[in-house]
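Participant: Here is the input, now give the coordinates:
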Amino acid sequence: MKFLLIAFVRFYQAALSPYLPNSCRYTPTCSQYMIEAVQKHGPLKGGWMGLKRFARCHPWGGHGHDPVP
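Facilitator: From the prediction side, this is the model:
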C-alpha cells in the first residue's frame, strides 16, 4: 500500500503537476510532504497527514516551512 501511494504521488508530479500553475504555499510541496510522511509514518498515518496538509493549502491557510514531524 505504501508503494501504491508513493507511485500515485510520483505520477501526479510527473504527469499532471507540470501543467498546473505553481501555487504551493509551503515548503516542502504538498506532494513531497505526502511522500515523506508515507515513508516515515506508513501508509495510513502518513496518508492522513498528507491529506490534512493538502486541505490546509488554500488562500486563507498558512504558509512557509512545514516539515514532516
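Participant: Checking my notes, I35 in a strand, right?
Facilitator: No - using DSSP: H, G, I helix; E, B strand; the rest coil, the assignment for I35 is helix, not a strand.
Participant: I'd like to know how many residues surround it.
Facilitator: By the measure other CB atoms under 10 Å, the count of residues near I35 is 19. In short, each C-beta sits where N, CA and C put it, glycine included.
Participant: ok, it - contacts?
Facilitator: Going by CB atoms under 8 Å, 6 or more residues apart in numbering, I35 touches I6, V9, R10.
Participant: The same query, at a cut-off of 6 Å, please.
Facilitator: Going by CB atoms under 6 Å, 6 or more residues apart in numbering, I35 touches I6, V9.
Participant: quick one: it and P59, what's the gap?
Facilitator: Going from I35 to P59 by CB to CB, to the nearest Å gives 25 Å.
Participant: tell me the secondary structure for the residue lying farthest from the centre of the chain?
Facilitator: Distance to the chain centre peaks in the chain at W60, reaching 18.1 Å (criterion: CA atoms, centre = their mean). Under three-state DSSP, W60 falls in the coil class.
Participant: helices and strands around the longest helix anywhere in the chain, which ones?
Facilitator: Using DSSP state H to define each element, the chain has its longest helix at helix 43-56. Judged by 3 or more CB pairs under 6 Å, 6 or more residues apart in numbering; DSSP states H and E, the packing partners of helix 43-56 are helix 2-11, helix 30-41.
Participant: any idea of the pLDDT on Y19?
Facilitator: Y19 is assigned a pLDDT of 90 by the prediction.
Participant: what's around the residue nearest to G62 when sequence neighbours are not counted, how many residues?
Facilitator: Of all residues not flanking G62 in the chain, R56 sits nearest, at 6.2 Å (CB to CB, 6 or more residues apart in numbering). By other CB under 10 Å, the residues close to R56 number 15.
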